[in-house]
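**Q** Predicted coordinates and the sequence they were generated for:
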Amino acid sequence: MAEKRTMTLVNTIAQEIIRYIIEHKMMPGDQLPTEAESLSRFQVSRNTLREAFKILVARNILEIRQGAGTFISYRRGIPDDPLGLTFIYDDNRLVLDMLEVRLMFEPRVAELAAVYATEEQKQAIAKQADELERCIHAGDPYAQADSCFHRLIAEGSGNRVIGNLTHILNSSVSKNIEITLDVQRENNTIYYHRKILKAIQEGNMNHAQYFMMMHLNLLREFVLGKIEREENS
């Protein structure tokens, strides 16, 4: 019974933290008050507060950075596998399906970013393009940097729903890289990301849309060819 009361209190505090985030209109990347301030605000034990934080971390609402504090997660409370892709076992076909969905969606997102992205957002996209290239040239894993590049473009569209949808769709990025065996990192990823970036910086919506479409279509054609070769072998 005592354990049940404790869990009820933990869940109540988790909801109070969500209410605090909403009331203060906090955004992804914003830092929550310190633990001491939160203990004073919610009038609970340190253990209860930390358990509430664990619940919100598991729900992708918060993230804890060691030595820095607790922040609003860029995952925006979206589950890790909202589309149930874990249980679709044909990787090649899954990547193809995801690319077809992205082709319906992301060229228009890039077009909107060319119109609505602020100078600060354009600078963030450019910085991320540099980071992506650094990862590729250093031979480091770059799926996260790639996903972040597309997420920043979505945020630059000015549409908050698009940002959430892009986070879901970008679950395919690591699969894209795995299936294409990184062979397109130079002639597609770097080349077209730079083209997309330049179009957004210049406010050229037609070019932003076109180059995003080319980028995704090349990935799609590669995956189609891979499927055909495997089926004919």
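**A** It's in.

**Q** how about the strands in this structure?
**A** Under the criterion DSSP state E, the chain carries strands at the ranges 62-65, 69-72.

**Q** how about these, which one is nearest Glu111?
**A** strand 69-72 (28.1 Å; CB to CB). The C-beta positions use only the backbone N, C-alpha and C, and glycine is treated the same way.

**Q** What residues of the closest one count as buried?
**A** 70-72 (16 or more other CB atoms under 10 Å).

**Q** and if you look at stretch 33-44?
**A** For stretch 33-44, by 16+ other CB under 10 Å, it's 38, 42, 44.

**Q** tell me which helix or strand of this protein sits lowest on mean pLDDT?
**A** None of the helices or strands of the chain scores lower by mean pLDDT, DSSP states H and E than helix 173-179, at a mean of 58.

**Q** tell me the mean pLDDT for the longest helix along the chain?
**A** Secondary structure of the chain per DSSP state H: the longest helix is helix 205-232. Taken as a whole, helix 205-232 has an average pLDDT of 89.

**Q** Could you name the helices and strands sitting against that helix?
**A** Using 3 or more CB pairs under 8 Å, 6 or more residues apart in numbering; DSSP states H and E, the elements in contact with helix 205-232 are helix 91-116, helix 173-179, helix 191-202.

**Q** Off-centre distance for it?
**A** 21 Å (CA atoms, centre = their mean, to the nearest Å).

**Q** Repeat that for stretch 8-24.
**A** The answer for stretch 8-24 is 24 Å, by CA atoms, centre = their mean.

**Q** So which residues make contact with it?
**A** If you take CB atoms under 8 Å, 6 or more residues apart in numbering as the criterion, stretch 8-24 is touched by 32, 38, 41-42, 44, 48-49, 51-53, 55-56, 61-62, 72.

**Q** For Ser233, see how far away the closest residue in space to Leu99 that isn't next to it in sequence is.
**A** Using CB to CB, 6 or more residues apart in numbering and skipping the chain neighbours, the partner closest in space to Leu99 is Arg220 (4.5 Å). Computed with CB to CB, to the nearest Å, the distance linking Arg220 and Ser233 is 21 Å.

**Q** Out of those two, name the residue with the larger neighbour count.
**A** The neighbour comparison of Arg220 against Ser233 (other CB atoms under 10 Å) goes to Arg220, with 18 against 5.
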